[in-house]
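Chemist: prediction below, plus the sequence it came from.
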Amino acid sequence: MQFKLLIVDDEKHIREGLADSLEMENYLVETAADGDAGFKRFQKGDIDLIITDLRMPGLSGEELLKRVVSEAPGLPVIVLTGHGTMENALEAGRNGAYDFLTKPVDLDHLSLLVKRALQSRELHLTNRRLEEELEHQKLFKTMVGTSAPLRQVFDTVSRVAPSKASILITGESGVGKELVADAIHELSPRKAKPLIKVHCAALAAGILESELFGHEKGAYTGAVSRTRGRFEMAHEGTLFLDEIGEIDQNLQIKLLRVLQEKKFERVGGEETIEVDVRIVAATNKDLKAEIEKGNFREDLYYRLNVVNIQVPPLRERKDDLPLLITAFLKEFAAENGKALEGIDDKARAALYAYDWPGNVRELRNCMESAVVMTRGPVITAGDLPPTLSPRNDSGWMRIPLGATLDEAEKIIIRDTLAAHGGNKSKAADALGVGRKTLHRKLSGEAMHSGVSESTQDD
């Protein structure tokens, strides 16, 4: 890695002399004649270390140091001055300077200092990346996959979760919308408060209203005591409304009022209750189409859909199948007390060829069934549900109509590898290509995300 340094000094011969010296050590060096120009260059990014004079007209080195440290903690700043006193050194250290040098600068000492500062910088960045990866894995551990469509979901969740915005999660049944809601709550400032979930399709309209807003004693037959609703339970936390497209028009009006005014009354009550709740809703319906039919209020839709997260179906992220299959096999083998070694070639090919209309939920059920049904240490095609059984002994694959040649090639390679248990030598022979050709195609960006990670040489 070649580091980029920024030298800020109002004395031309000093900044150019330092630049020449550091460029000889294979650093990329840029210069600025004053603090204002230096700060503007820093804001453009990609600077790894700053060397700045302390006393300059305009924006001083002291102020530049404070701004840089505020905006980029961990970026080393070395301060130079012709007025070297212990007081200056202590002040620069308090403001976050990596170190303090007096003019004239000892170039050998500066070289050593820059090297140490950049090593510190690399360590800081490495630790930060590891912390982010660990946090990411912890928060998304129930959402298995590394495919591009799923990574886009992770990225969107990470960006919107800290906000107060209402979020609408859309996608087919079984894609994992509830898991996305879990991740949003865990990444939000509300994570220490409750995450309350309501499945709107599971309750009749009258019961759902009471479930959401609570009721007073005697509000209806069977209401023997005052009961808090889910909105009250979720105060200062998150309320997840699953299958929001199923609620009726009257309840939609009441829900809209809560979103607008953050207040409501319990069923049968007169007391107005104020709440601070972040709403995350989910649906497998096309709500715009429901609006056109008159089944869903447009104003409520826009209140809910401040940010939309579309969760992709499993057929659009089949690169995640190896990880998902492995995760489910491990889970259900442990649950059923079985020591399983994996799945055979024909079973793997059947799993890859299937379109998974029920998405991850269907795959999970399929793998649980296979683990229960198998009599041996290896899952076979006969252990899979009938809908996944291969049509004949020769194996088969599906290439969607309209697929490009590159997409078709990817499917052929992926399914052939799966059919041969990830053995590249056997797959290359079956495809009629050399191993070098197969390796080259696997190393391409299109194949790298899923297939190459689950393959073996022999």
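Modeler: Arrived safely, thanks for sending. A quick note: this is a predicted structure, and the numbers were derived from the prediction, not measured.
Chemist: tell me which element the spatially most central residue of the chain falls in.
Modeler: Most central in the chain under CA atoms, centre = their mean is Phe154, positioned 2.0 Å from the mean C-alpha point. Using DSSP states H and E, Phe154 maps to helix 148-160.
Chemist: ok now that helix, how far from the chain's centre?
Modeler: For helix 148-160, the separation from the chain centroid amounts to 4 Å (computed by CA atoms, centre = their mean, to the nearest Å).
Chemist: what's the first helix or strand after that helix?
Modeler: Heading C-terminal from helix 148-160 (DSSP H and E), you reach strand 167-170.
Chemist: pull up the pairing partners for that following strand, direction included.
Modeler: strand 278-283 (parallel), strand 307-310 (parallel) (DSSP bridges).
Chemist: buried residues in the shortest one, which are they?
Modeler: When neighbours are counted by 16 or more other CB atoms under 10 Å, the buried residues of strand 307-310 are found to be Val307, Ile309. Heads up, the C-betas are built off the backbone N, CA and C, glycines and all.
Chemist: what's in contact with it?
Modeler: 153, 156-157, 160, 163, 165-171, 180 (CB atoms under 8 Å, 6 or more residues apart in numbering).
Chemist: swap in the first one?
Modeler: With CB under 8 Å, 6+ apart as the test, strand 278-283 has contacts from 164, 166-171, 177-178, 180-181, 184-185, 188, 190, 237-245, 259, 304.
Chemist: and that strand, average pLDDT?
Modeler: Computed over strand 278-283, the mean pLDDT rounds to 96.
Chemist: and it, how far from the chain's centre?
Modeler: Centre to centre, stretch against its chain (CA atoms, centre = their mean), the figure for strand 278-283 is 18 Å.
Chemist: excluding sequence neighbours, find me the nearest residue to Val258.
Modeler: Spatial nearest neighbour of Val258, chain neighbours left out: Phe264 (5.0 Å); criterion: CB to CB, 6 or more residues apart in numbering.
Chemist: would the one you found count as being in a strand?
Modeler: Yes. When DSSP: H, G, I helix; E, B strand; the rest coil is applied, Phe264 is found to be in a strand.
Chemist: distance check, it against Gln249.
Modeler: 17 Å (CB to CB, to the nearest Å).
Chemist: neighbour-wise, which of those two wins?
Modeler: Phe264 (22 against 12; other CB atoms under 10 Å).
Chemist: hang on, isn't the more buried one packed against Arg257?
Modeler: Yes. If you go by CB atoms under 8 Å, Phe264 and Arg257 touch, sitting 6.8 Å apart.
Chemist: sitting in strands, which of the contacts of strand 278-283 do you find?
Modeler: Ile167, Leu168, Ile169, Thr170, Thr238, Leu239, Phe240, Leu241, Asp242 (DSSP state E).
Chemist: of the contacts of strand 307-310, closest to Leu417?
Modeler: Checking the contacts of strand 307-310 against Leu417 with CB to CB, the nearest one is Val153 at 25.9 Å.
Chemist: give the contact list for that closest one.
Modeler: Counted by CB under 8 Å, 6+ apart, Val153 has contacts Met143, Val180, Ile309, Gln310, Val311, Pro312.
Chemist: contacts for the helix or strand harbouring Cys366?
Modeler: Secondary structure from DSSP H and E places Cys366 in helix 359-373. Helix 359-373 has contacts (CB under 8 Å, 6+ apart) with 172-176, 313-314, 321, 324-325, 328-329, 332-333, 336, 338, 340, 343, 347, 351, 356, 358, 379, 383-385, 388.
Chemist: and the strands in the stretch 1-150 of the chain?
Modeler: Along the stretch 1-150 of the chain, counting by DSSP state E, counting those that start in this stretch, strands occupy 4-8, 28-32, 49-53, 77-81, 99-102.
Chemist: can you redo those strands as JSON lines with mean pLDDT and mean neighbour count?
Modeler: What follows is these, written out as JSON lines (pLDDT from 0 to 100; neighbours: other CB atoms under 10 Å):
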{"stretch": "strand 4-8", "mean pLDDT": "95", "mean neighbour count": "23"}
{"stretch": "strand 28-32", "mean pLDDT": "95", "mean neighbour count": "18"}
{"stretch": "strand 49-53", "mean pLDDT": "94", "mean neighbour count": "26"}
{"stretch": "strand 77-81", "mean pLDDT": "89", "mean neighbour count": "24"}
{"stretch": "strand 99-102", "mean pLDDT": "86", "mean neighbour count": "18"}
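Chemist: give me the below-cutoff pLDDT ranges for the stretch 51-200 of the chain.
Modeler: Under the criterion pLDDT under 70, the flagged ranges of the stretch 51-200 of the chain are 83-90, 123, 126-142.
Chemist: circling back to that earlier point, of the ones in strands among the contacts of strand 278-283, which is the nearest to Thr437?
Modeler: The closest of those, once distances to Thr437 are taken by CB to CB, is Thr170, at 40.9 Å.
Chemist: and the residue nearest to the closest one when sequence neighbours are not counted, how close does it get to Leu64?
Modeler: Distances taken as CB to CB, 6+ apart put Gln310 closest to Thr170, at 5.3 Å, once the chain neighbours are dropped. Plainly put, Gln310 is 44 Å away from Leu64 if you go by CB to CB.
Chemist: cool, thanks, talk later.
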